[in-house]
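S.K.: Any chance you can model this:
(chains A and B)
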Amino acid sequence: AQSVTQLGSHVSVSEGALVLLRCNYSSSVPPYLFWYVQYPNQGLQLLLKYTSAATLVKGINGFEAEFKKSETSFHLTKPSAHMSDAAEYFCAVSDEGGGSQGNLIFGKGTKLSVKP
Amino acid sequence: DAGITQSPRHKVTETGTPVTLRCHQTENHRYMYWYRQDPGHGLRLIHYSYGVKDTDKGEVSDGYSVSRSKTEDFLLTLESATSSQTSVYFCAIRKGQGRTNTGELFFGEGSRLTVL
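M.R.: Have a look, this model is predicted:
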């Protein structure tokens, strides 16, 4: 069964610093991979997705992620953090082999804090 | 805007009472999902639907039932609420199917349920 592991439940960076949020997945089939962002008291918003095209995926708000099959990783990065990036981030993998017809398997989330 | 409306957005109830949460979509998509979000657990699938009157269980379905009598509405019912069901509940839809499906889910704003 597919699973997702996000390393670090809390990450704190200074404004202008590099943001790196880590995600590793397990999947028996070529996966679709996603990063979502959740601002306080809101729903989840798609940041970016990997669907077997280019391995470096660019998303909204300056974020990007690189699919590395050999490392089973899909880490999220942003070169320069902004105060508005403070939120919770979720990595997810498509449950294509689990019989749930399009369900996504989510990691436990990483809360990003940005210090002035 | 994914055209998803959840109601109620906030509810406080007592142990043992029935509760129904409603998810309404405006775009007639086939697949709909109910997740719950809890700190340290990310999002976990409760039930999903792949058409009118077609539903199936997810990872954490015990204590929950669902119904879908119309394409646009997906109801989640707690027959007898317990304190362990205090959570934030999210409805999601998947747009497209087959070649038009790129795998991502679109989420509603959430329903915060407190069971006392």
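
S.K.: what pairs with B:Val12 across the strands?
M.R.: Here B:Val12 sits in beta bridges with B:Thr114, as judged by DSSP bridges.

S.K.: How about the one 10 residues further on?
M.R.: Partner residues in beta bridges with B:Arg22: B:Ser7, B:Leu75, with DSSP bridges as the criterion.

S.K.: That one and B:Asp73 touch, don't they?
M.R.: Yes: counting by CB atoms under 8 Å, B:Arg22 does reach B:Asp73; the two are 6.5 Å apart. Using the backbone N, CA and C atoms, a C-beta is placed for each residue, glycine as well.

S.K.: Next up, the contacts around the residue most central in space within chain B.
M.R.: Chain B has B:Trp34 as the residue nearest its centroid, 2.5 Å off, counting by CA atoms, centre = their mean. B:Trp34 makes contacts with B:21, B:23, B:45-48, B:58, B:64, B:66, B:74, B:76, B:89-92, as judged by CB atoms under 8 Å, 6 or more residues apart in numbering or on different chains.

S.K.: let's see it at 7 Å
M.R.: The neighbours of B:Trp34, taking CB atoms under 7 Å, 6 or more residues apart in numbering or on different chains as the test, are B:Ile46, B:His47, B:Val66, B:Phe74, B:Leu76, B:Tyr89, B:Cys91.

S.K.: partner strands of the helix or strand of chain A with the lowest mean pLDDT, parallel or antiparallel?
M.R.: When each helix and strand of chain A is scored by mean pLDDT, DSSP states H and E, strand A:104-106 comes last, with a mean of 92. Here strand A:104-106 is paired, per DSSP bridges, with strand A:87-94 (antiparallel).

S.K.: got the contact list for the partner strand?
M.R.: A:2, A:4, A:6, A:21, A:23, A:25, A:27, A:31-39, A:44, A:74, A:76, A:104-107, A:109-112, B:42-43, B:103.

S.K.: Give me the buried subset of those residues.
M.R.: The neighbour-count criterion (16 or more other CB atoms under 10 Å in any protein chain shown) marks A:2, A:4, A:6, A:21, A:23, A:25, A:27, A:31-38, A:44, A:74, A:76, A:104-107, A:109-112, B:42-43, B:103 among these as buried.

S.K.: Tell me the first helix or strand C-terminal of the longest strand belonging to chain B.
M.R.: Secondary structure of chain B read by DSSP state E shows that its longest strand is strand B:42-51. Next in sequence after strand B:42-51, counting helices and strands by DSSP states H and E, comes strand B:54-57.

S.K.: For that next one, which helices and strands make contact with it?
M.R.: Using 3 or more CB pairs under 7 Å, 6 or more residues apart in numbering or on different chains; DSSP states H and E as the contact test, the elements touching strand B:54-57 are strand B:42-51.
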